[in-house]
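>>> coords please:
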Amino acid sequence: MPAARHAGRAVARTALAGLAACIAGALSPHGALAQTNSLGADLELVDPTVLRVCADPDNLPLSNEAGEGFENKIADLVAEKTGREGVTYAFFPQGVGFVRNTLRAFQCDVIIGFAQGNELVQNTNPYYRTSYALVVPEDSPLAGVTNLSDPILKDARLGVVAGTPPATSLARNGLIGHARPYQLMVDTRVDHPVADMFADLAAGEIDGALAWGPMAGWYAKKSAKPLVIIPLVHEDNGPRMTYRITMGVRPSDQEWKRTLNEVIRDNQDQINAILLDYGVPLIDEQGRPITRGPD
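Have a look, this model is predicted:
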């Protein structure tokens, strides 16, 4: 019975929150791209006054509770462009249960970064494209590698996060025997396997690090020793290495999705600038790097 009462209260709170949001949307002034101009928007349980973001509390360079990640900065931009008063967060480690405990629990209204095609959310249009990357010291004999089938990698000690596409490619190319694995599913409030991998690279315990592009760029940017980032866009076979990244919303929030698509379309240059500031290796649809334009 206590569980039933708790569930009943949760449903009631959700219903009241939705009603309050609709009333607030009807009464609030129209701001830049404010989501108050249609019946569809009024029926969606999206807060019209603040941008409620689902995020990982300790997952730089993406996000953290101090607002230091590039997804935090993009959230600030979205809040400004949609006429919100500011940004609030529902924090949860981005692993198993992340979407269920944040977006689907109506604790927040948008996940700033989510891979296109994932069925857990409704995707907006993509706002950047990146890939897994191999990171090696600038003076390494591996600096000229362009794909994981290169024979020079035969005896290389490569760090890789277990269960990721590069790990599968290492196995396909007969390189897994020398690889050093790092854990995939962790609580980021406690463990930081990618940080550990780059610490091992700095110490010379591994010859190269295979990491998701934003992580690769971030740690390479922070490194005291110059590193080369090699996006894995020339893999001949094996799993996909390149992904389009979108914002994620609930399947029911069609008007909210349209609003976010307008923000992305109208502010792509600013979004790119934020991503490049964090070292994210951006690539276009032809696999070519996107760099900062002339000032």
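
>>> Now do the helices in the chain.
According to DSSP state H, the chain carries its helices in the segments 2-27, 39-43, 70-81, 98-101, 165-172, 193-202, 213-222, 254-266, 268-277.

>>> rank these by pLDDT, which is bottom?
For those, the bottom mean pLDDT is recorded on helix 2-27, which sits at a mean of 37.

>>> low pLDDT regions in the stretch 101-250 of the chain?
Residues of the stretch 101-250 of the chain that meet the criterion pLDDT under 70 lie in 185-189.

>>> for it, what spans make up the strands?
Read by DSSP state E, counting those that start in this stretch, the stretch 101-250 of the chain holds these strands, from start to end of the chain: 110-115, 122-123, 128-137, 158-161, 180-182, 208-212, 227-231, 242-249.

>>> Identify the residue spatially nearest to Gly287, adjacent ones excluded.
If the residues on either side of it in the chain are set aside, Gly287 comes closest to Val233, at 4.0 Å by Cβ to Cβ, 6 or more residues apart in numbering. For every residue, glycine as well, the C-beta is placed using N, CA and C.

>>> Just the terminal-to-terminal distance for stretch 120-137.
For stretch 120-137, the first-to-last residue distance is 38 Å (Cα to Cα, to the nearest Å).

>>> For that stretch, list every residue counted as buried.
For stretch 120-137, the neighbour count (16 or more other Cβ atoms under 10 Å) marks 121-125, 127-137 as buried.

>>> farthest-separated two in those?
Every pair in the buried residues of stretch 120-137 was compared (Cβ to Cβ); the two farthest apart turn out to be Gln122 and Pro137, at 41.8 Å.

>>> For the residue nearest to Gly287, give me its contacts.
Residues in contact with Val233 (Cβ atoms under 8 Å, 6 or more residues apart in numbering) are Ser131, Met241, Thr242, Ile283, Gly287.

>>> The spatially closest residue to the third one that is not a sequence neighbour and Gln107, how far apart?
This means Thr242. Of all residues not flanking Thr242 in the chain, Ser131 sits nearest, at 4.0 Å (Cβ to Cβ, 6+ apart). Remark: distance between Ser131 and Gln107 (Cβ to Cβ, to the nearest Å) = 31 Å.

>>> Please apply the same query to Pro214.
Between Pro214 and Gln107 the distance, using Cβ to Cβ, works out to 24 Å.

>>> what sits against the most centrally placed residue in the chain?
Among the residues of the chain, the one closest to the centroid is Gly113, at 3.6 Å (Cα atoms, centre = their mean). Gly113 makes contacts with Leu62, Glu71, Ile245, Thr246, Met247, as judged by Cβ under 8 Å, 6+ apart.

>>> Make CSV out of these and add neighbour count and distance to Gly144.
Putting those into CSV (neighbours: other Cβ atoms under 10 Å; distance: Cβ to Cβ, whole Å) gives the following:
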residue, neighbour count, distance to Gly144
Leu62, 23, 30
Glu71, 26, 33
Ile245, 22, 28
Thr246, 26, 33
Met247, 27, 37
